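Visitor: Just to be clear, the model below is a prediction. Sequence and coordinates:
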Amino acid sequence: MILWTMQPAELYEQIMQDGYFHFDGSKIEEDAWIYDYKPSYDWLVDEMKKRIGQPPNGIKYPVWAWYIHYSQHKKPDLRRAEYGRKGEQMVCMEIDIPDEQVVLSDEELWHFVLGNWYLSKATCKKDYDRDMKWFDKLSDDNKNKAITDSWQTIFDIEPFDNKWFIKGRFVQATFWELKAEQIIKVWFFKAR
């Protein structure tokens, strides 16, 4: 499966030297003073274990990449201001990861997991209102279960857009490890 990952440029050098890269989770903990995303990442890790198996020894969190970006399966436009901190030297790596080692999910719907919100499957306001009325009547314990159960929707990446509900425009890929031999092409750029 062809994917694209944007990473700090020094990471590319590390991969070339060590032959591999896996995410150590430090960024999650570094940003914890702003938001506590660890439970969301831990949930995703559990889902990955169910879908693609256990990570190699010593690996706790996945590497992230793009599969679909702005509804297209092609290298993202590196002129956009969403990759890295402004002025940071970055690299975009086109990579080829075996399909059975990748979990795809809708990046926009992933924000429901990050926010610990209920993700309704409704595709119109009428259905959404009915769904939320049902949700609001649940006990707190049942609400928590309904919330985490609803997140399975992020793995449905089939494009859908009726202007009220949109999915499949941004599809992210997660996998346990990136090996040097999986890198096809690289583009160095400065984050905007």
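Guide: Perfect, I can see it now. Numbering: from 1, shown residues only.

Visitor: wait, isn't Ser105 in contact with Gly168?
Guide: No - counting by CB atoms under 8 Å, Gly168 is not a contact partner of Ser105; they are 10.7 Å apart. (Glycine included, C-beta is placed from N, CA and C.)

Visitor: And those two? Which one has more around it.
Guide: Just comparing Ser105 and Gly168: by other CB atoms under 10 Å the higher neighbour count belongs to Ser105, 23 against 17.

Visitor: partners of that one in the sheet?
Guide: Assessed by DSSP bridges, Ser105 has beta-bridge partners Gln172.

Visitor: ok, now which ones touch it?
Guide: Leu44, Ile154, Phe155, Ile157, Val171, Gln172, Thr174 (CB atoms under 8 Å, 6 or more residues apart in numbering).

Visitor: Give me the residue at the spatial middle of the chain.
Guide: Gln172 (4.5 Å; CA atoms, centre = their mean).

Visitor: which of the contacts of Ser105 lies closest to His73?
Guide: Nearest to His73 out of the contacts of Ser105 is Val171 (CB to CB; 8.4 Å).

Visitor: Find the nearest non-adjacent residue to the closest one, please.
Guide: Excluding the flanking residues, the one nearest Val171 by CB to CB, 6 or more residues apart in numbering is Ile68, at 3.7 Å.

Visitor: On the three-state scheme, the one you found is what?
Guide: Following DSSP: H, G, I helix; E, B strand; the rest coil, we place Ile68 in the strand state.

Visitor: any chance you could map the strands in the chain?
Guide: Remark: strands assigned in the chain by DSSP state E are 2-8, 20-21, 63-68, 89-96, 103-106, 160-161, 166-167, 171-175, 178-179, 183-190.

Visitor: Turn these into a markdown table, including distance to Lys74 and mean pLDDT.
Guide: Shown next, in a markdown table, are those (distance: least, CB to CB, whole Å; pLDDT from 0 to 100):
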| stretch | distance to Lys74 | mean pLDDT |
| --- | --- | --- |
| strand 2-8 | 8 | 96 |
| strand 20-21 | 23 | 94 |
| strand 63-68 | 9 | 97 |
| strand 89-96 | 10 | 97 |
| strand 103-106 | 16 | 98 |
| strand 160-161 | 19 | 92 |
| strand 166-167 | 19 | 94 |
| strand 171-175 | 12 | 98 |
| strand 178-179 | 19 | 97 |
| strand 183-190 | 12 | 96 |
